[in-house]
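Chemist: I'll drop the sequence and a predicted model, then ask my questions.
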Amino acid sequence: MTVASIDDLFADEPTSNTASEADTGDGTGIQADQEAALIPRPRRTPGALLAALAVVDPDRLDEMRRTRDEAFAEAVERQSMSPVGSWVLAWARDIEIARRPGLSARQVRARGLLEHEDPAVARKALRELRAVRDEAMVAMRG
């Protein structure tokens, strides 16, 4: 792949707020994109997350069920609900990304560049993946 600069690879990234991702104006800097979301943000319960994933990314349902079972088994073994909490948080984050087309597209684009022959491009892609996950976490907690 030949590009004029690394930034060209991410040229269609939003650099400022768009109509569908405008700052909420409450001083938090959190992006309000409810209009652009495919579904409302689900509650952070296993059932609600499973139902949401069935809509936004049904190909991952088996993975979700497998990791849920692993988290519950680990919780029993450790006598701690921590693994279940981690499972809920990870899937809530992934669903937050999947329900927002712009965020999901950024993730797909960055993942596609992780193994780029130019290490600088791969590093920028990794930073973009972190940014996508961070944005999803901030939105979920908002």
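Modeler: Everything's here; your move.
Chemist: tell me the mean pLDDT for the helix or strand that contains Arg127?
Modeler: In this structure, Arg127 is located in helix 119-141 according to DSSP states H and E. The average pLDDT for helix 119-141 rounds to 96.
Chemist: buried residues in that helix?
Modeler: Under the neighbour-count criterion of 16 or more other CB atoms under 10 Å, helix 119-141 has 121-122, 124-125, 128-129, 132-133, 135-136, 139 buried. Quick note: C-beta positions are derived from backbone N, CA and C, even for glycine.
Chemist: with distance to Val84 as added columns, please give the residues you listed in CSV.
Modeler: Below are the buried residues of helix 119-141 laid out as CSV (distance: CB to CB, whole Å):
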residue, distance to Val84
Val121, 38
Ala122, 34
Lys124, 35
Ala125, 31
Glu128, 30
Leu129, 25
Val132, 24
Arg133, 20
Glu135, 25
Ala136, 20
Ala139, 22
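Chemist: return the member of those residues nearest to Asp57.
Modeler: Closest approach between the buried residues of helix 119-141 and Asp57, by CB to CB: Ala136, at 13.4 Å.
Chemist: just the CA coordinates for the helix or strand where Val84 lies, please, in PDB.
Modeler: Under the criterion of DSSP H and E, Val84 resides in helix 82-99. Extracted C-alpha coordinates of helix 82-99, given in PDB (Å, rounded to 0.1, in the frame of the first residue of the first chain):
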ATOM      1  CA  SER A  82     -14.700 -10.200  39.700                       C
ATOM      2  CA  PRO A  83     -14.500 -12.400  36.600                       C
ATOM      3  CA  VAL A  84     -18.200 -11.800  35.900                       C
ATOM      4  CA  GLY A  85     -17.800  -8.100  36.300                       C
ATOM      5  CA  SER A  86     -14.800  -8.100  33.900                       C
ATOM      6  CA  TRP A  87     -16.800 -10.100  31.400                       C
ATOM      7  CA  VAL A  88     -19.800  -7.700  31.600                       C
ATOM      8  CA  LEU A  89     -17.500  -4.700  31.200                       C
ATOM      9  CA  ALA A  90     -15.600  -6.100  28.200                       C
ATOM     10  CA  TRP A  91     -18.800  -7.100  26.400                       C
ATOM     11  CA  ALA A  92     -20.500  -3.800  27.200                       C
ATOM     12  CA  ARG A  93     -17.500  -2.000  25.600                       C
ATOM     13  CA  ASP A  94     -17.600  -4.300  22.500                       C
ATOM     14  CA  ILE A  95     -21.300  -3.700  22.100                       C
ATOM     15  CA  GLU A  96     -20.900   0.000  22.600                       C
ATOM     16  CA  ILE A  97     -18.500   0.000  19.600                       C
ATOM     17  CA  ALA A  98     -20.700  -2.300  17.500                       C
ATOM     18  CA  ARG A  99     -23.800  -0.300  18.000                       C
END
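Chemist: sounds good, over and out.
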